[in-house]
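Enquirer: Sequence plus predicted model, see below.
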Amino acid sequence: MGGKRVRIHTNFKPNKCCKRSFVGDVDDRISQLPDDILVDILSRLSLKEAGRTSVLSSRWTNLWKHTPSLNFDVGQTVLDKLYRQRELFKREKRKYVKWVNSVTRSHKSLTLKEFKIRFALDKSERKAITRWLEFAFSRQVESLELDIKSDRHTSTDYRFPNELLIASKLQLPSDSVCIDHTRMLVDFKSLKELSFRSVQVSDAAIDFFLHNCPLLEKLIVHHSEKISKLEICGSSLKLKHLEIVYCFGLKSLKVSAPSLTSLRVTSLDGLLLENVPMLVDVSVNCNDDSISIHHLFSLLSCCVSQLQTLCLDLTRRNFRQEVNELCELPKMPKLKKLVIVYCARGYENLIRLAYFIRASPHLVEFVLEVGLLLYW
């Protein structure tokens, strides 16, 4: 098969390829963008990826230091691996603390949208953790998450330093801390989201944040043994999402928040809900046999008719003594999604879950999660 012939002139010489520079030259379109746009781009990368851009050119050397998002979350997969290798874990923990210290010392942004710490830390890093908190609050952080749970998901010895909130009238270690709201060290008015996991935080500190963070929309507290009596109350509260989980010292929780839409609790002791007209998403742990199903729904009576999502952890319940109560469950006319965590001990127990479905005439999604029942 004959191909098409092309005649090449004898004087033809190939043009040399133009040199293109991808850093700092006219063809480097990205580097020609304004600093604020470049910083916005860098904020969408991980912290380590953003830091690597400093080698591109002198223009990029310090740009990453202005990113408003500092996320030091190493990820659960990495933590699970480290938990199984103690010596490696110790080395990586030292590297982690050094990394956070280095970034916070060199960071140049005057404000922060996000500051997140997630690593298994203990009391030996107490001073470093406190410095990180001081740094975040001084930058008027909008979203703060401090997650320092250990490999066994137990509470650590780190206590939230109330001296960050007040300059005088501090009474430690008592939970009845007297707070002088006129002597604040920093301005908390920018804080919108606050999350403490495995941090010993007092009732008074939580009360302080509620009354001095007018924009606070999300409050999460996990594994804090110092919480005893909480009142999340106020007609002016902007709070939309509340989680008080595995705080085993909790004796009472009163919630009156007109903007609250989502609530997660693992203790029903002393729970009192008032003025929650927007509450549509509730997750509760019902493994305490001393609290009947009837009592559970009486606690939710002010919002059960408006719920759209309900998650019930019923792992340790067998319903043998609660058949009559199941037959009298209140109707949930707006419920769209029902999630039940349960460990069935026979088909009869599983069938009894149907009572929850019957009480939800407009249910769209039903999720059954198999819980793990441990015998001690």
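Expert: Now that the structure is in, tell me what you want to look at.
Enquirer: My understanding was that S202 contacts K226; is that so?
Expert: Yes: assessed by CB atoms under 8 Å, S202 is found in contact with K226 at 5.1 Å. All C-beta spots, glycine's among them, are computed from the backbone N, C-alpha and C.
Enquirer: now Y355: how far from L338?
Expert: 11 Å (CB to CB, to the nearest Å).
Enquirer: and the two? which has more neighbours close in?
Expert: L338 (22 against 17; other CB atoms under 10 Å).
Enquirer: helix/strand/coil for that one?
Expert: Secondary structure, DSSP: H, G, I helix; E, B strand; the rest coil: L338 is strand.
Enquirer: Run through the helices of the stretch 51-200 of the chain in chain order.
Expert: Under the criterion DSSP state H, counting those that start in this stretch, the stretch 51-200 of the chain contains helices at 76-83, 86-106, 126-138.
Enquirer: looking at the ones you listed, which is buried most?
Expert: Highest mean neighbour count among the helices of the stretch 51-200 of the chain (mean count of other CB atoms under 10 Å): helix 126-138, with a mean of 18.
Enquirer: thinking again about what came up before, for the helices of the stretch 51-200 of the chain, please prepare TSV with the additional fields distance to S360 and mean pLDDT.
Expert: Formatted as TSV, the helices of the stretch 51-200 of the chain follow (distance: least, CB to CB, whole Å; pLDDT from 0 to 100):
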stretch	distance to S360	mean pLDDT
helix 76-83	33	80
helix 86-106	45	91
helix 126-138	42	93
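Enquirer: Distance to K238 added to those helices, as TSV?
Expert: TSV is the format used below for the helices of the stretch 51-200 of the chain (distance: least, CB to CB, whole Å):
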stretch	distance to K238
helix 76-83	30
helix 86-106	28
helix 126-138	19
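Enquirer: Between those, which one is closest to E369.
Expert: Comparison of those against E369 by CB to CB identifies helix 76-83 as nearest, at 18.5 Å.
Enquirer: which strands and helices sit next to that closest one?
Expert: Counting contacts by 3 or more CB pairs under 8 Å, 6 or more residues apart in numbering; DSSP states H and E, helix 76-83 is packed against helix 86-106.
Enquirer: for stretch 69-78, which positions count as buried?
Expert: 69-72, 74 (16 or more other CB atoms under 10 Å).
Enquirer: Understood, closing this out.
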